[in-house]
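Q: Would you be able to build a 3D model of this:
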Amino acid sequence: MNLAPSRIARWIVVCIALICLVAMWCQKITGARAEHDNAQVVQMAFNLERYGVISMEENPPFVPTDYREPIPVLITALGIKTIDAIVGPAPAEAYFSGDRVKYLKYQNLLWLALLCAGAFWAAEALTGSVLLGIVAVVLVDFPFTGSHWGTAIVNDLFTEIPAAPALMFACATLAVGYSRRSLGLMAIAGVLFGVVTLIKAALFYVFIGVVAVLLCFYLLQRPPIPTRNAIRELAILIVAWACVLAPWMYRNHVELGSFQLSQRSGLALWHRALEDQMTAQEYLGTFYVWAPTNSLHKLMGAALGFAPADLERGGRLQRLNSTLDSNYAADDAAAEQAGRPDQAISYYSQARAERVKLEQELGKSGHLHADLEADDVLKQRAIALTLKHPWEHLALTLPFLWRGAPLAFSILACALIVGVRRRRYDLALFALPAFGLVLFYALFTMFLGRFAIPAYFVGIVMLVVLVGTLWGSRSAVGAQQPRVAA
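A: Sure, this is the predicted structure:
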């Protein structure tokens, strides 16, 4: 098989660039300890590999759990098995810090390489320009070239890292499959969205919204799409997605008596419902406390009259401070562990302490899965409290967008508008799932900045696609204008 010289040269450049990027990313990975969310993934993966059960328990009996989504756990368990096979088995503690956790973090090299590949394919497929595909790769990789934020992503095991390439490919495959009327691509898109859902369960609800909007696009498409074709494409997308989710949901039903994907929704909703009750002064303070960058944090503090002292014990904004370096962080942690929400100061610790309190009460009453039932109780309480204060809840969505994804939200919203107005529904579909994910987090969670990582990278590629599309349209219009003779 003969390849054109230009194509060979292109692949050589891609391979060299990938080798350079991997070498650069490798230098950022260390044996720093896995903590908090990352430690939970490692513990669940270790128990799966050693004892055959997805559990967060450190000692037997290893009770099954669905506290976290399964794919990161499965991949990390495979990493532990591989490391054991190469250098020999070790106790659990060895996988939380040192060389072995460093080896586990090397999976990020694969995720970042796939992210770059997905960015190139998405930009090239939506614009028809190889050059814009290269630009998308450069911009996607830019945060990892030296920023603290990019280094922290590479040197961690957050589930947002594998979710980023999975969402990129899912969005691109959906957009291209829709524009090409390809049943095969729609099936692949369904599988990919199922994979993303098993990494970030929030996409379950987002996907339902995507399907509803996609149905509208079929109705708006001109020339119209035959009804039979539209139904077939929608059906294969949904069935493929459901087939990916079904085994995990069935496992949870058998082991835990629930079809839910993960367990943390009640805590997230209760935390959000508590914050809906904040004072007007605290609401104003959110734009200072949750500023997405240090420079904006200082600027908003000067403009609104807030200072770091307001975040400490007795300060005007003390309930907004969930950091570990506050002068009451130890007391809040103790209140959480004791299940005493009345003794916690921050909204964050109040919510977590309430969950512990419920688990303790249900456990003493003999409930088999007290953690699951506590989460359900919190969910019901949160919904009831939110419905009592719907306008406060909606108002708080703005500062959460400010906190989590102001840039990504703006880009993705613009993409939806441009895509619908120009009837480029493929562009709108590429942006839609990421936009829905951002909006979901802003509406129903505390929306930490890292939650938006998958949507952020889709937004970067979307920006490249938008600029290329608008510039191409402008050039086409200019070329059609008659030249005036001198």
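Q: Now do stretch 221-235: everything it contacts.
A: With contact meaning CB atoms under 8 Å, 6 or more residues apart in numbering, stretch 221-235 is reached by Gly177, Tyr178, Arg181, Leu183, Met186, Val211, Leu214, Leu215, Tyr218, Arg423, Tyr425. C-beta: built from backbone N, CA, C; applies to glycine.
Q: Show me what counts as buried in whichever strand or helix holds the second one.
A: Spelled out, it's Tyr178. In the assignment (DSSP states H and E), Tyr178 maps to helix 160-180. For helix 160-180, a neighbour-count test (16 or more other CB atoms under 10 Å) marks 160-179 as buried.
Q: So which elements touch it?
A: helix 70-87, helix 107-127, helix 183-197, helix 203-220, helix 227-256, helix 425-444, helix 453-480 (3 or more CB pairs under 8 Å, 6 or more residues apart in numbering; DSSP states H and E).
Q: re earlier: which two among the contacts of stretch 221-235 are spaced furthest apart?
A: Longest distance between any two of those is 22.3 Å, between Leu183 and Arg423; criterion CB to CB.
Q: Enumerate every residue touching His367.
A: Counting by CB under 8 Å, 6+ apart, His367 has contacts Glu373.
Q: Provide the secondary structure category for it.
A: Following DSSP: H, G, I helix; E, B strand; the rest coil, His367 is assigned to coil.
Q: Relative to Leu358, how far out is it?
A: Noted for His367: a distance of 10 Å to Leu358, by CB to CB, to the nearest Å.
Q: Any quick PyMOL command for the buried ones out of the contacts of stretch 221-235?
A: Filtering those down to the buried ones (16+ other CB under 10 Å) takes a single PyMOL command:
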select buried, resi 177+178+186+214+218+425
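Q: Format the contacts of stretch 221-235 as JSON lines; extra columns: distance to Phe144 and pLDDT.
A: Output for the contacts of stretch 221-235, formatted as JSON lines (distance: CB to CB, whole Å; pLDDT from 0 to 100):
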{"residue": "Gly177", "distance to Phe144": "29", "pLDDT": "96"}
{"residue": "Tyr178", "distance to Phe144": "31", "pLDDT": "96"}
{"residue": "Arg181", "distance to Phe144": "37", "pLDDT": "93"}
{"residue": "Leu183", "distance to Phe144": "36", "pLDDT": "96"}
{"residue": "Met186", "distance to Phe144": "32", "pLDDT": "97"}
{"residue": "Val211", "distance to Phe144": "33", "pLDDT": "97"}
{"residue": "Leu214", "distance to Phe144": "33", "pLDDT": "96"}
{"residue": "Leu215", "distance to Phe144": "38", "pLDDT": "94"}
{"residue": "Tyr218", "distance to Phe144": "38", "pLDDT": "92"}
{"residue": "Arg423", "distance to Phe144": "36", "pLDDT": "91"}
{"residue": "Tyr425", "distance to Phe144": "32", "pLDDT": "94"}
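Q: Need the overlap of contacts for His367 and Leu358.
A: With contacts taken as CB under 8 Å, 6+ apart, the residues that reach both His367 and Leu358 are Glu373.
Q: picking up where we left off before, need the winner for burial among the helices and strands packed on helix 160-180.
A: Stretch with highest mean neighbour count among the helices and strands packed on helix 160-180: helix 425-444 (a mean of 24; mean count of other CB atoms under 10 Å).
Q: pLDDT value on Leu115, please?
A: Note on Leu115: pLDDT of 94.
Q: Just give the closest residue to it, not the sequence neighbours.
A: Pro165 (4.2 Å; CB to CB, 6 or more residues apart in numbering).
Q: ok, now Val101?
A: Here the residue nearest Val101, using CB to CB, 6+ apart, is Ala34, at 5.3 Å.
Q: Compile the helices and strands packed on helix 160-180 into a markdown table and extend it with columns for distance to Met56.
A: Listed next are those as a markdown table, based on distance: least, CB to CB, whole Å:
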| stretch | distance to Met56 |
| --- | --- |
| helix 70-87 | 10 |
| helix 107-127 | 20 |
| helix 183-197 | 21 |
| helix 203-220 | 21 |
| helix 227-256 | 13 |
| helix 425-444 | 23 |
| helix 453-480 | 23 |
